[in-house]
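what follows is a protein structure lacking sequence information:
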């Protein structure tokens, strides 16, 4: 019997299994990235820079993409800049803005880390899912992110939500490349 306000046995089992899975996947990814000389935080910053036009993003845009607060971003940028993985540049036309640029060393570091990252994500997760389960999990993730974005206590709009309309439109052929 479930006490009011508590998860029932089935819900608790699912929630704990989900949390344990996510924790262990994150730990496996962290170990693989560490083998390549990067932390998860390094990888989170380098990936959007690698994908950005000219491998540059305004600091504000990078912060929004990875959903970090300013202080955390600033400290991490400083550490990575000292290691030569990225560089800060003045923003043309905005004296208060800063551009974060991926250096050749940073591009090399993420290029070296990606194969191991993909191997872990694919081997421990993606390869276990059927195509239908992949679509279902994507849909479920979008639904949960949309709910979180709408909640007063939620962290706000996820950068992934901005891709939902484009992804869905691309699947039905009504949009260009995503």
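It's in. Fair warning: this is a prediction, and the values are worked out from it, not measured in the lab.

secondary structure element holding the nearest residue to residue 6 once chain neighbours are set aside?
Leaving aside its chain neighbours, residue 6 sits nearest to residue 12 (7.9 Å; criterion: Cβ to Cβ, 6 or more residues apart in numbering). C-beta: built from backbone N, CA, C; applies to glycine. Assignment of secondary structure by DSSP states H and E places residue 12 within helix 9-35.

how many other residues sit next to the residue nearest to residue 6?
Neighbourhood size, residue 12 [other Cβ atoms under 10 Å]: 12.

quick one: the helices in the protein?
9-35, 40-51, 59-66, 70-82, 104-124, 131-150, 161-171 (DSSP state H).

which residues touch the third one?
It stands for helix 59-66. Residues outside helix 59-66 that contact it (Cβ atoms under 8 Å, 6 or more residues apart in numbering): 44-45, 48-49, 57, 69-70, 73, 77, 88, 97-100, 159.

can you rerun that using 7 Å?
The contact list for helix 59-66 (Cβ atoms under 7 Å, 6 or more residues apart in numbering) reads 44, 45, 48, 70, 73, 98, 100, 159.

dump those to a markdown table, plus distance to residue 25.
Shown next, in a markdown table, are the contacts of helix 59-66 (distance: Cβ to Cβ, whole Å):
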| residue | distance to residue 25 |
| --- | --- |
| 44 | 15 |
| 45 | 20 |
| 48 | 20 |
| 70 | 28 |
| 73 | 24 |
| 98 | 33 |
| 100 | 27 |
| 159 | 20 |
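
are any of those buried, and if so which?
Burial by neighbour count, judged by 16 or more other Cβ atoms under 10 Å, picks out 44, 45, 48, 73, 98, 100 from the contacts of helix 59-66.

kindly report the domain assignment for the chain.
The record's domain parsing of the chain by automatic domain parsing lists 25-128, 130-178.

mind checking which of those is nearest residue 17?
Checking the domains of the chain against residue 17 by Cβ to Cβ gives domain 25-128 as the closest, at 12.2 Å.

point out where the protein drops to low pLDDT.
For the chain, the stretches with pLDDT under 70 are 1-2, 152-178.

and the longest strand for it?
Ranked by residue count under DSSP state E, the longest strand found in the chain is strand 94-102.

got the contact list for that strand?
Outside strand 94-102, the residues that reach it (Cβ under 7 Å, 6+ apart) are 46, 49-50, 55-59, 62, 77, 86-89, 91.

so which of those wins on neighbours?
For those, neighbours were counted using other Cβ under 10 Å, and residue 86 has the most, 26 neighbours in all.

in this structure that residue contacts residue 80, no?
Yes: counting by Cβ atoms under 7 Å, residue 86 touches residue 80, with 5.2 Å between them.

joint contacts of these two?
Contacts common to residue 86 and residue 80, judged by Cβ under 7 Å, 6+ apart, are absent.

for the longest strand of the chain, the distance to its chain's centre please.
The chain centroid and the centroid of strand 94-102 are separated by 21 Å, computed with Cα atoms, centre = their mean, to the nearest Å.
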